[in-house]
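Trainee: Test case, fold it:
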Amino acid sequence: MRQKKLTIAFIEEIAEIFEILNYENPKVFLNPSIAILSAIILTFTTSFSVGLLIPLLIMFFSLILSALLRTNVRRWIKPVLFILFITIFVSLPLFLAQISGVNISNKNWEDAVYLILRSTAAASIFITIIAHLGWLNLLKGLRNIGIPEEIVSMTGFLIKYTPIFLRDACRMIAAREARLMGKTSYKNIWLTNVSVIGDLLVRGYERGLRLNAALKARSFSSNVVQRHDKLFNLSLYDLFLLFFTIIMVLTALAVKL
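Mentor: Purely as a prediction, here's the structure:
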């Protein structure tokens, strides 16, 4: 019974994290194009940085930016903690290898710590900006910086429909496990969970066909977001974000050189 609750609780947490990105902010302070471009550059810079300086500065800036943009703390910290948990789980072999004396790399402890810091810092700055923009402005920003239309549409549907499919999976798992009689083993529980995947694929394909037909019937195309008109309308928040992005890129290059 504990295994059943753990599986459903984990899937529900992922659904809640996607719903955080599926939020529509009524008052946006950042230009979507500038914000998305800065988020991509800062995330890329943090992910490939060397040492502790860049990740720590990005984490500190994420806290400041979330406070300036008046982002709800729960909406920001929950995805970041989830990424932190996943990264620690992935880095666990490096810690275990260090304890047991096995050298996977030259510096197991440092590599694990750097991986955790870089991943968490990159997620924190990206989530800070995306959580502020909301779903619709995210798509506007992606389209305005030249991302192909197919990728923009797939990103929008991914954010919008992932929580729906995850909650469908929770209901299906609960229904199938309710039919298991008597004492069940972990093997039977996992086989039951895996059998849900095929049904989800069929439901997803069917829902996608209905959605595509509905969009075309209402707009004669599947383009649900129009191009943003105020591409170069900059505010003090945009200038502050651009200035920090340039400083971080220059600092990362200086550290590598």
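
Trainee: Any idea which helix or strand in the protein has the lowest mean pLDDT?
Mentor: When the helices and strands of the chain are scored by mean pLDDT, DSSP states H and E, helix 186-194 comes last with a mean of 71.

Trainee: Show me what secondary structure element comes after that helix.
Mentor: Next along the chain after helix 186-194, taking DSSP states H and E as the criterion, comes helix 196-219.

Trainee: pLDDT of that following helix, averaged?
Mentor: The predicted model gives helix 196-219 an average pLDDT of 78.

Trainee: now do stretch 93-111
Mentor: For stretch 93-111, the per-residue pLDDT averages 71.

Trainee: My read is that Leu138 contacts Val152, right?
Mentor: No. Judged on C-beta atoms under 8 Å, Leu138 makes no contact with Val152 at a distance of 9.1 Å. From N, CA and C alone the C-beta is placed, and that goes for glycine too.

Trainee: Specify which residue of those two has the higher count of neighbours.
Mentor: More crowded of Leu138 and Val152, by other C-beta atoms under 10 Å: Leu138, with 25 against 20.

Trainee: quick one: that one from Tyr23, how far?
Mentor: 10 Å (C-beta to C-beta, to the nearest Å).

Trainee: picking up where we left off before, where do the contact lists of Leu138 and Val152 overlap?
Mentor: In terms of C-beta atoms under 8 Å, 6 or more residues apart in numbering, Leu138 and Val152 are not both contacted by any residue.

Trainee: the longest helix in this protein is where?
Mentor: helix 108-144 (DSSP state H).

Trainee: For the nearest residue to Leu30 once chain neighbours are set aside, which residues are in contact?
Mentor: Spatial nearest neighbour of Leu30, excluding adjacent residues (C-beta to C-beta, 6 or more residues apart in numbering): Tyr237 at 5.4 Å. Counting by C-beta under 8 Å, 6+ apart, Tyr237 touches 29-30, 68-69.

Trainee: Could you turn the buried ones of those residues into a PyMOL selection?
Mentor: Buried members of these, defined by 16 or more other C-beta atoms under 10 Å, are picked up in PyMOL with:
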select buried, resi 29+30+69
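
Trainee: among the contacts of Tyr237, which are in strands?
Mentor: Judged by DSSP state E, these include no members of strands.

Trainee: same question for stretch 143-162, mean pLDDT?
Mentor: Looking at stretch 143-162 alone, the average pLDDT works out to 83.

Trainee: so how far is it off the chain centroid?
Mentor: Stretch 143-162 sits 14 Å away from the centroid of its parent chain (C-alpha atoms, centre = their mean, to the nearest Å).

Trainee: How about stretch 12-30?
Mentor: Using C-alpha atoms, centre = their mean, the offset of stretch 12-30 from its chain centre is 10 Å.

Trainee: how many other residues sit next to Lys256?
Mentor: Neighbour tally, Lys256, other C-beta under 10 Å: 11.

Trainee: sec struct for the residue lying closest to it once chain neighbours are set aside, please.
Mentor: Closest residue to Lys256 apart from its sequence neighbours, by C-beta to C-beta, 6+ apart: Val50 at 5.7 Å. Three-state assignment for Val50 (DSSP: H, G, I helix; E, B strand; the rest coil): coil.

Trainee: isn't Val50 right next to Thr251, touching?
Mentor: No. Val50 sits out of contact with Thr251 when judged by C-beta under 8 Å, with a separation of 10.9 Å.

Trainee: Just want to know which of the two has more residues nearby.
Mentor: Thr251 (15 against 11).

Trainee: right, and that one touches Pro55 too?
Mentor: No. The criterion here is C-beta under 8 Å, and Thr251 misses it with Pro55 at 11.6 Å.

Trainee: Of all the residues in the helix or strand harbouring Ser62, which ones are buried?
Mentor: Taking DSSP H and E as the criterion, Ser62 maps to helix 53-68. For helix 53-68, the neighbour count (16+ other C-beta under 10 Å) marks 54-55, 57-59, 61-62, 65-66 as buried.
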